[in-house]
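Asker: Sequence and predicted structure, then a few things I'm wondering about:
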Amino acid sequence: MPLSDMHVHTSDSPDAEIPARILVRRGREEGLSAIGFVAHLDMNPEDCCYDSFDPFGYEESVEGARRESENRITVMKGLEVGEPHRFQARAKDLVDYSDYDFIVGALHHVEGAGMILGDEVFRDGEHLPIVEEYYREMLQMVETADMDVLAHMGLFRRGLAMAGLDHAFDEISLWPDLLRGILSALIERDMALELNTSGLRRKENTTYPTPRVMELYRGMGGERITLGSDSHRDPHVFFGLAEGRRILLEKGFEKTFIYRTREPSPLPLIG
């Protein structure tokens, strides 16, 4: 079955390089059924994408990509909002969420610790308290933020791997109530959990979240899933989608979801 990629960054974000229309052309060549573009809206001064979002330029890029698609691939305009539980009011002053097909909530920064995308906050080796705080803040985010999809749950593993620290621990065993609380909030609020495949191309060699977390989510009755490569540049475009599908099928999922005008639509994983 054709796959969708619901987390693709375009050159409209400062940390990405490829124009949207080129990505659509390549998506057609790869046989994708749908692409969900996301642009960074980050309001934390510590973030590399801080104060960089141009909604008008992004709209023009997505419209050009839709023309390039020739109606052969579904093109969606998404927004990745960093720490939306902290910056939601400001975000909604800057943009109208109704102009977007889906809103992705992302946790890149842990309050009191710093950015978890790199190794700096983990250099002293005391990483478990930071990871626990990451999940506590994520619980607050999924309980309060206006969003459709939770992005790259467990992204801290990227920083841990860069710091040469253990990243293969089972967070469910360490903080079972906290992890269950996050997944319960997603289910209760009808939000999707993203299976992000970008960790498969890095040292940590795992998805965000891990297959173990996906198994727990499915066991709790969770069904709403998006699949995304989180690609920013070559050679990572659409990386890991087939492996992501394999993991989802193994854990009992039969479909993923795409979004149009903030409404989910299922896509089967098998014919």
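Answerer: Looks like it arrived, so ask away.

Asker: For the chain, which segments count as helices?
Answerer: Remark: helices assigned in the chain by DSSP state H are 20-30, 55-69, 84-94, 128-144, 156-162, 171-174, 176-188, 211-219, 241-250.

Asker: Could you look over these and pick the most buried one?
Answerer: Among these, helix 156-162 has the highest mean neighbour count (mean count of other CB atoms under 10 Å), at a mean of 23. C-betas here are computed from N, CA, C, even on glycine.

Asker: right, and S229 touches H7 too?
Answerer: Yes. The pair S229 / H7 is scored as a contact, 6.3 Å apart, by CB atoms under 8 Å.

Asker: Residues that sit against both of the two, list them.
Answerer: N196 (CB atoms under 8 Å, 6 or more residues apart in numbering).

Asker: My guess is A145 contacts Q88. True?
Answerer: Yes. Between A145 and Q88 there is a contact under CB under 8 Å: 5.9 Å.

Asker: which residues do those two both contact?
Answerer: Counting by CB under 8 Å, 6+ apart, the residues touching both A145 and Q88 are V81.

Asker: Quick check: nearest residue in space to S61, chain neighbours excluded?
Answerer: Nearest non-adjacent residue to S61, counting by CB to CB, 6 or more residues apart in numbering: A20, 4.4 Å away.

Asker: Go ahead and confirm that neighbour touches S13.
Answerer: No. Assessed by CB under 8 Å, A20 is found out of contact with S13, at 10.8 Å.

Asker: before we move on, back to that, how much space is there between the residue nearest to S61 and A161?
Answerer: For A20, the distance to A161 (CB to CB, to the nearest Å) stands at 30 Å.

Asker: can you check E17 too?
Answerer: 23 Å.

Asker: before we move on, what about M220?
Answerer: 28 Å.

Asker: quick one: contacts for G118?
Answerer: Taking CB under 8 Å, 6+ apart as the test, what G118 contacts is R158, G159, M162.
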